[in-house]
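In: Here is a sequence together with a model predicted from it:
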Amino acid sequence: MPHPSGADPRPLTGEPLAIDLLNTRWIDGDGPHDLLDSVTGLAVWLDSPPVREHLGPDPAPAAVPTADRATLDRLLLARTALDALATTAVLRDPATPEQAARLNEVLRHGRIRRALGPDGAPESVVEVDEPSWLPAWYAAENWLRLAVDRPDRIRSCANDACVLHFHDVSKNGTRRWCSMAGCGNRAKAQRHYARRSGT
């Protein structure tokens, strides 16, 4: 299903980049959706705040990925790797060698070069084989940061019919729903109906 450029139809945005990439697939009353089912949807995702944040305020034109088939294919490769890792993380199991190999295949196409800048301050520059690898590489690298920081806070929505993920940043770590306004309210309404009907 094509999406209009600029309009992000996803129900959950604003998560860290790796999880935001996972959330390019969702299910609603109209059925399953995939923002990355087209280059048009890719353009919407590339313009989203998590992607723009990783590219920086003024990325060099040569480093800006374009919404094309190569970028989309590489992003889908990263999403497949992240999906398997997220499933494992939610169960609090370690990554399998196969899962690690899939993510490492994406990471192999980029690196961080450290240098001392002209002003004497340290710099970190991300270098990728081709600009089309940049979003996939950033998403994979972001997963590494999440896995080091708080892997137990990588969660899937408690609604069994929902496929969205989130990074729980609540103080007590008890967030259960992708959105309290969506899945959380539906669960509360179902419990209320069950109590009132005696089922």
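Out: Noted; the coordinates are in hand.

In: Please pull up the helix or strand immediately following the helix or strand hosting A43.
Out: A43 belongs to helix 39-46 when assigned by DSSP states H and E. Later in the chain than helix 39-46, the nearest helix or strand by DSSP H and E is helix 49-55.

In: for the helix holding A43, which positions count as buried?
Out: G41, L42, A43, V44, W45, L46 (16 or more other Cβ atoms under 10 Å). Where C-beta positions appear, they are placed from N, C-alpha and C, glycine not excepted.

In: which strands and helices sit next to the lengthiest helix in the chain?
Out: The helix spanning the most residues in the chain, taking DSSP state H as the definition, is helix 69-90. Counting by 3 or more Cβ pairs under 8 Å, 6 or more residues apart in numbering; DSSP states H and E, the packing neighbours recorded for helix 69-90 are helix 17-22, helix 39-46, helix 97-107, helix 134-149, strand 154-156.

In: Just the mean pLDDT for that helix, thanks.
Out: Confidence for helix 69-90, expressed as mean pLDDT, is 96.

In: Please apply the same query to stretch 122-132.
Out: When pLDDT is averaged along stretch 122-132, the result is 93.

In: Residues in contact with it: which ones?
Out: Applying Cβ atoms under 8 Å, 6 or more residues apart in numbering, the contact partners of stretch 122-132 are 62-66, 68, 70-71, 74, 109-117, 134, 137-138.

In: Mark which of those residues are buried, thanks.
Out: P65, T71, R74, H109, G110, L134, W137, Y138.

In: I'd assumed W133 was in contact with the fourth one.
Out: Right, the one you point to is H109. Yes. At 4.2 Å, H109 counts as touching W133 under the criterion of Cβ atoms under 8 Å.

In: quick one: common contacting residues for these two?
Out: R74.

In: Look at the nearest residue to C183 once chain neighbours are set aside and give its secondary structure.
Out: Nearest residue to C183, sequence neighbours excluded (Cβ to Cβ, 6 or more residues apart in numbering): N159, at 3.9 Å. Assigned with DSSP: H, G, I helix; E, B strand; the rest coil, N159 falls in the coil class.

In: With only the CA atoms kept, save the helix or strand harbouring W26 in CSV.
Out: Assigned by DSSP H and E, W26 belongs to strand 25-28. Extracted as CSV, the C-alpha positions of strand 25-28 are listed here (Å, rounded to 0.1, in the frame of the first residue of the first chain):
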residue,chain,number,x,y,z
ARG,A,25,5.3,-2.8,10.3
TRP,A,26,2.1,-2.6,12.2
ILE,A,27,-1.5,-3.9,12.4
ASP,A,28,-4.6,-1.9,12.8
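
In: partners of that strand in the sheet?
Out: strand 31-34 (antiparallel) (DSSP bridges).
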